[in-house]
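**Q** fold the following.
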Amino acid sequence: MNVDYSSLVAADAARCAELEAQLFDGDDPWPERAFLAEIAAKHNQYVAARADDKLVGYAGIARLGRCKPFEYEVHTIAVDPAYQGHGIGRQMLRQLLDYADGGAIFLEVRTDNEAAIALYESEGFTRIGLRKRYYRVSGADAYSMKREPR
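**A** Residues are numbered from 1 along each chain as shown. Modelled structure (predicted):
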């Protein structure tokens, strides 16, 4: 499978919202306008994964704070179910990690999302806390995870 990686652009927002509704149904999926705002924010970096010119994944990270050393927060990583298991999520995560080079990186992940937890742990993240009912709509808990600066 040939997958190209580039920056996510405003024209991708509708497809992102479509994937978001499919992947995160029951957990307050982001609408198109949320993606437009995230993509436009100066302190964010969003990556797109495309197979045959079709958006099949997206991932985003935000820089926190105004002064170095910066910290970062992964906002989302999502891959179309038909394309999962091919390393697309890992490749997008690595691009986010490269963007945040030298800074501590944080994220939240559902406690029942074993595939994502395994991915994050394999890339150096450790669990630092538990956030009860983090996902308000479903009531699901989340682990807070952190990757120390490299």
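**Q** name the residues of the helix or strand where Ala14 lies that come out as buried.
**A** Element membership of Ala14 [criterion: DSSP states H and E] is helix 13-23. Buried residues in helix 13-23, counted by 16 or more other CB atoms under 10 Å: Ala13, Arg15, Cys16, Ala17, Leu19, Glu20. Where C-beta positions appear, they are placed from N, C-alpha and C, glycine not excepted.
**Q** neighbouring strands - and their directions - for the least confident helix or strand in the chain by mean pLDDT?
**A** Within the chain, no helix or strand scores below strand 126-135, which has a mean of 93 by mean pLDDT, DSSP states H and E. Strand pairing for strand 126-135, determined by DSSP bridges: strand 140-147 (antiparallel).
**Q** show me what the partner strand is in contact with.
**A** The contact list for strand 140-147 (CB atoms under 8 Å, 6 or more residues apart in numbering) reads 27, 97, 104-112, 117, 120, 123-135.
**Q** for the protein, just list every one of the strands.
**A** Along the chain, counting by DSSP state E, strands occupy 3-7, 44-51, 54-64, 71-79, 104-110, 126-135, 140-147.
**Q** now those in CSV, with distance to Arg90 and mean neighbour count?
**A** What follows is those, written out as CSV (distance: least, CB to CB, whole Å; neighbours: other CB atoms under 10 Å):
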stretch, distance to Arg90, mean neighbour count
strand 3-7, 11, 13
strand 44-51, 11, 21
strand 54-64, 10, 21
strand 71-79, 9, 21
strand 104-110, 14, 20
strand 126-135, 18, 12
strand 140-147, 14, 18
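**Q** got CSV for the ones you listed, with distance to Arg33 too?
**A** Output for the strands of the chain, formatted as CSV (distance: least, CB to CB, whole Å):
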stretch, distance to Arg33
strand 3-7, 19
strand 44-51, 15
strand 54-64, 15
strand 71-79, 15
strand 104-110, 22
strand 126-135, 20
strand 140-147, 24
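**Q** ok, back up a step: show me how far the least confident helix or strand of the chain is from its chain's centre.
**A** 16 Å (CA atoms, centre = their mean, to the nearest Å).
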